[in-house]
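J.: Sequence below, structure please.
(chains A, B and C)
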Amino acid sequence: MQWQAYISVTGRVAAPPATQRFYPYRRKTLSIKELFRTKNMTSDMPVLLAAVSILSALHMAFQARRVGWSRMKYKIMPPTVTGPPEFERTFRAHQNSVEFYSIFLVVLWISGIFCNEVLAALGGIMYIVGREMYFTGYISESKKRLPGFYMVLCVQLFLTVMATIGIIQSFLDKYLNIRLL
Amino acid sequence: MQWQAYISVTGRVAAPPATQRFYPYRRKTLSIKELFRTKNMTSDMPVLLAAVSILSALHMAFQARRVGWSRMKYKIMPPTVTGPPEFERTFRAHQNSVEFYSIFLVVLWISGIFCNEVLAALGGIMYIVGREMYFTGYISESKKRLPGFYMVLCVQLFLTVMATIGIIQSFLDKYLNIRLL
Amino acid sequence: MQWQAYISVTGRVAAPPATQRFYPYRRKTLSIKELFRTKNMTSDMPVLLAAVSILSALHMAFQARRVGWSRMKYKIMPPTVTGPPEFERTFRAHQNSVEFYSIFLVVLWISGIFCNEVLAALGGIMYIVGREMYFTGYISESKKRLPGFYMVLCVQLFLTVMATIGIIQSFLDKYLNIRLL
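T.: Model prediction:
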């Protein structure tokens, strides 16, 4: 199952034969060299990016939930989206997160895959923190959304720069066969 | 073309030599063993996830289209987004789908790639069904959106749990070299 | 780093050994054959799709920015989303882009990975152009959004057809072991 999953995402298609060639008995204690190779066997799973993406998805769902709570608090039944200022701020805070979420996912994954997964994942965590600051700040007062907003912008700028560097590197590598690193 | 496409997504880079090593003549009748390996050669394409994603994208476009039809029906010209209750419910039903669509794609792909593609794809189909129930229910009456909404929530919870299990497994495998399966 | 990144996205797991087998000294001048293989080594990075995605993400951010400028111009402080017609058109133009952005990313990547990366990337650039036409047209007058809108629809239809063809091909290949190409 897991193995099937591995295969689905990666090209570990030539791997099974390779595996059998190098260490036929999976379960036996591995030598350092084999251990290193075994590590490589799965090092193609961008697990940090996946973890950050799931965290951000849960955070998006949590924001939607809080809009629902605000609806109950102020007795604002769907489809109404107007009401007391606090409800409208809560609603817009969530909307703004939605407007930027796809952009975030694009820069997170491309920077992580084309440049550096660890830095991208750290950026992703910063983004979630910034989004939370934005949301809680916005609810209390419109102006208080700004610190979180600037933090989110900085993270997205950082990830976009990483992504651009990574894309240029692999473009040169793939189409002009130039290796910068 | 297709081959190029395969290469683009997968690391089947070491594969061609491997192929030639094992069966130089691609087109000759394949033995069971070769047939099995040939299957593997392309089993790294998450085709079920892709198919479900395209279906869900078409469903999103169809919802947007129905908002447009509702605009015509009630003569509500853009950029206006308010009007008779039925139009507002149609508009909000679509908005709610938009708010959750990115979250859905994240959990669909990560659960399918890190845990089990078939289960994730089935979950994705359930999600589309739930979204349709939500949309058609919401149009007729606000309360009637709830069954579809709960179905959508259950599917997302299910996919999130799968994704989390898959991430933990591959994290242990990749960074601590522990294989649970 | 870059290398690590390569590994993260691709299954170039069996590749490192392969590399060493074929040309132990990375930095030496490559023969035509080696050069060709080296090209293949990285031809699994969908760099064109990544580049178009980053461009589209920047364009989405630019649209959000222009909504902000329109807020300043008409002194409309968040969370308010109503005001003079021009502001409301600007706001809705951005909203419409947001509603379609996830759909665009899905068809862009699936058509590019399962069918043809170059055609998909060209379609993606056309989409961004159409979106810009839509946005600038919509701001000046509601009717003027239509040319860009139809262009966007055509591109999405084109990418969806490509994606469907690619999915059918790899479904046949993966599950029924039938190669159409």
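
J.: what's the domain layout of chain A?
T.: Split into domains by automatic domain parsing, chain A comes to A:2-36, A:47-176.

J.: so does the longest one get close to chain C?
T.: Same thing as domain A:47-176. Yes: residues of domain A:47-176 contacting chain C under Cβ under 8 Å from any Cβ of the partner chain: A:49, A:85, A:88-89, A:91-93, A:98-100, A:102-103, A:106-107, A:110, A:112-117, A:138, A:142, A:145, A:156, A:160, A:163-164, A:166-167, A:169-171, A:173-175. In this view, the C-beta of every residue, glycine as well, is placed from N, C-alpha and C.

J.: Could you tell me the end-to-end distance of that domain?
T.: One end of domain A:47-176 to the other measures 30 Å (Cα to Cα, to the nearest Å).

J.: By mean pLDDT, flag the weakest helix or strand of chain A.
T.: For chain A, the helix or strand with the lowest mean confidence is helix A:2-9, at a mean of 36 (criterion: mean pLDDT, DSSP states H and E).

J.: how about A:Asn96, what does it touch?
T.: The neighbourhood of A:Asn96, defined by Cβ atoms under 8 Å, 6 or more residues apart in numbering or on different chains, consists of A:134, A:138.

J.: Which elements pack onto the helix or strand hosting A:Ile125?
T.: Using DSSP states H and E, A:Ile125 falls within helix A:117-140. For helix A:117-140, the packing partners by 3 or more Cβ pairs under 8 Å, 6 or more residues apart in numbering or on different chains; DSSP states H and E come out as helix A:47-73, helix A:85-114, helix A:146-175, helix C:2-9.

J.: Any buried residues in that helix, and which?
T.: By neighbour count, with 16 or more other Cβ atoms under 10 Å in any protein chain shown as the criterion, the buried positions of helix A:117-140 are A:117, A:119-121, A:123-124, A:126-128, A:130-135, A:137-139.

J.: what's the answer for stretch A:52-71, then?
T.: So, applying 16+ other Cβ under 10 Å, buried residues of stretch A:52-71: A:52-54, A:56-61, A:63-64, A:66-67, A:70-71.

J.: Report whether it contacts chain B.
T.: Yes: if you take Cβ under 8 Å from any Cβ as the test, stretch A:52-71 does meet chain B, through A:53-54, A:56-58, A:60-61, A:64.

J.: Pull the residues that contact that stretch.
T.: A:76-78, A:86-87, A:90-91, A:93-94, A:97-98, A:101, A:104-105, A:108-109, A:120-121, A:124-125, A:127-128, A:131-132, A:135, B:99-100, B:102-103, B:106-107, B:110, B:156, B:160, B:163-164, B:167.

J.: go on, stretch A:153-164?
T.: Residues from elsewhere that reach stretch A:153-164, judged by Cβ under 8 Å, 6+ apart: A:100, A:103-104, A:107-108, A:110-111, A:114-116, A:119-120, A:123-124, A:126-127, A:130, C:50, C:54, C:57-58, C:61.

J.: Low-confidence ranges, chain A, go.
T.: A:1-43, A:181 (pLDDT under 70).

J.: what do you get if the cut-off is 50, keeping everything else the same?
T.: Along chain A, the parts satisfying pLDDT under 50 run over A:1-42.

J.: ok, now how distant is the residue most central in space within it from B:Met162?
T.: The centroid of chain A falls nearest to A:Ser53 when counting by Cα atoms, centre = their mean (3.5 Å). Applying Cβ to Cβ, to the nearest Å, the value for A:Ser53 to B:Met162 is 14 Å.

J.: One more: A:Ile125?
T.: Counting by Cβ to Cβ, the gap from A:Ile125 to B:Met162 is 22 Å.

J.: rewinding a little: pull out the buried members of the contacts of stretch A:52-71.
T.: A:76, A:78, A:86-87, A:90-91, A:93-94, A:97-98, A:101, A:104-105, A:108-109, A:120-121, A:124, A:127-128, A:131-132, A:135, B:99-100, B:102-103, B:106-107, B:110, B:156, B:160, B:163-164, B:167.

J.: Quick one: residues contacting A:Val129.
T.: A:Met151.

J.: and the gap between it and chain B?
T.: Separation of A:Val129 from chain B (Cβ to the nearest Cβ, to the nearest Å): 18 Å.

J.: Check A:Glu99 too.
T.: A:Glu99 sits 10 Å away from chain B, taking Cβ to the nearest Cβ as the criterion.

J.: With adjacent residues omitted, what lies nearest to that residue?
T.: Take A:Glu99 and drop its neighbours on the chain: the residue closest to it by Cβ to Cβ, 6 or more residues apart in numbering or on different chains is C:Val98, 5.0 Å away.

J.: I figured the one you found was touching B:Gln95, is that so?
T.: No: contact status for C:Val98 versus B:Gln95: not in contact, 9.9 Å apart, counting by Cβ atoms under 8 Å.

J.: For stretch A:153-160, list every residue counted as buried.
T.: A:155-156, A:158-160.

J.: Centre of the chain to that stretch, how far?
T.: Distance of stretch A:153-160 from the chain centroid (Cα atoms, centre = their mean, to the nearest Å) equals 13 Å.

J.: before we move on, what about stretch A:93-107?
T.: For stretch A:93-107 - counting by Cα atoms, centre = their mean - the centre lies 11 Å from the chain centre.

J.: Give me the number of neighbouring residues for the spatially closest residue to A:Phe114 that is not a sequence neighbour.
T.: In this structure, A:Phe114 finds its nearest non-sequential neighbour in A:Gly166, 2.8 Å apart by Cβ to Cβ, 6+ apart. If you count neighbours by other Cβ atoms under 10 Å in any protein chain shown, A:Gly166 ends up with 25.
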